[in-house]
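In: Dropping the sequence and predicted coords here.
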Amino acid sequence: MNQNDKNGSKSHNPVMIRRGDYGYDAPHFPLIFGFLSVATGLAAVMSWWHGIHRLAMQSTFYFIFFLANTASFLYTTRRGKFIEWDRILGGLHLRGNERVLDMGCGRGAVLVAVARRLTTGRVTGIDIWSTRDQSGNGRDVTLRNASLEGVATRVEIETGDMRSLPYPDEAFDLVVSSLAIHNIRSNVDRKRAIVEAFRVLRPAGRIVIVDIRATAIYEATLLSLGASNVERRRLGWRFWWGNPFAFTILLTASKPPA
């Protein structure tokens, strides 16, 4: 437990203290949902106006559906994921001196949340900075967010591919990844990323992955590598990307002690 935890500080409250700008995940999706909301809303208004009741009811249904999807997606990307990650990290009970790797750190949402919980430890973020996967993604943006949040001295940022991590074996106590590994195109390469994560993890270290697809493959890969305490479960509504069918999975595992 770090000093902030001992003092009962609210420093981990993601709503109260976020100062950085973490953009939008998959920014094309809320734009598409928003456009469809407007289009079906206009169709509903025009249909009701002209007395085309069946079409009006259908258009109204789809307007509500797309509007709800837009609202859910925006909530998750701008607020919900921060709250869920805060709970996930709180459950790890970090000592504060860990070396942590964030694979696919993006603009630093999880990176900063981890850094706040460290004292003498450090968190390293690595990314290829795809703006298709996250709006305005970039190394300088992540460094600026870390500075705005007051954790720059506990953060390192590198450009690199998670399929071939530039770190020695057993370099980190904890490896985290949020909504990043699924962006790798093939399952073969996704497995390579999991193998790399396990390689750089120290004995008794932990892996925490949050993702929207291919998590069964991650789980199977970790089990084949000899990981222990492998658990996979759905996260709740705060991590829905529009509706209950677009849910997010939490996968956790440990590396056996030496």
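Out: Alright, I've got the coordinates. Numbers count the residues shown, from 1 in each chain.

In: Lys191 against Glu219, yeah?
Out: No - the pair Lys191 / Glu219 is not scored as a contact, 11.2 Å apart, by CB atoms under 8 Å. Quick note: C-beta positions are derived from backbone N, CA and C, even for glycine.

In: three-state assignment of Val176?
Out: Reduced to three states with DSSP: H, G, I helix; E, B strand; the rest coil, the structure at Val176 is strand.

In: Bridged to it, which residues?
Out: Val176 forms beta bridges with Asp102, Val208, as assigned by DSSP bridges.

In: how about the strands of the protein, start to end?
Out: For the chain, the strands defined by DSSP state E cover 99-103, 122-127, 155-159, 172-178, 201-211, 228-234, 249-254.

In: could those strands go into a markdown table alongside mean neighbour count, distance to Leu31 and mean pLDDT?
Out: What follows is the strands of the chain, written out as a markdown table (neighbours: other CB atoms under 10 Å; distance: least, CB to CB, whole Å; pLDDT from 0 to 100):
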| stretch | mean neighbour count | distance to Leu31 | mean pLDDT |
| --- | --- | --- | --- |
| strand 99-103 | 27 | 27 | 98 |
| strand 122-127 | 24 | 23 | 98 |
| strand 155-159 | 17 | 27 | 97 |
| strand 172-178 | 24 | 22 | 98 |
| strand 201-211 | 20 | 22 | 98 |
| strand 228-234 | 12 | 26 | 98 |
| strand 249-254 | 20 | 25 | 98 |
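
In: And for the residue nearest to Ile184 when sequence neighbours are not counted, the neighbour number?
Out: In space, Ile184 comes closest to Arg190 once its chain neighbours are excluded; the distance is 4.9 Å by CB to CB, 6 or more residues apart in numbering. By other CB atoms under 10 Å, the residues close to Arg190 number 23.

In: correct me, but Arg154 touches Val123?
Out: Yes - taking contacts as CB under 8 Å, Arg154 lies within contact range of Val123: 6.4 Å.
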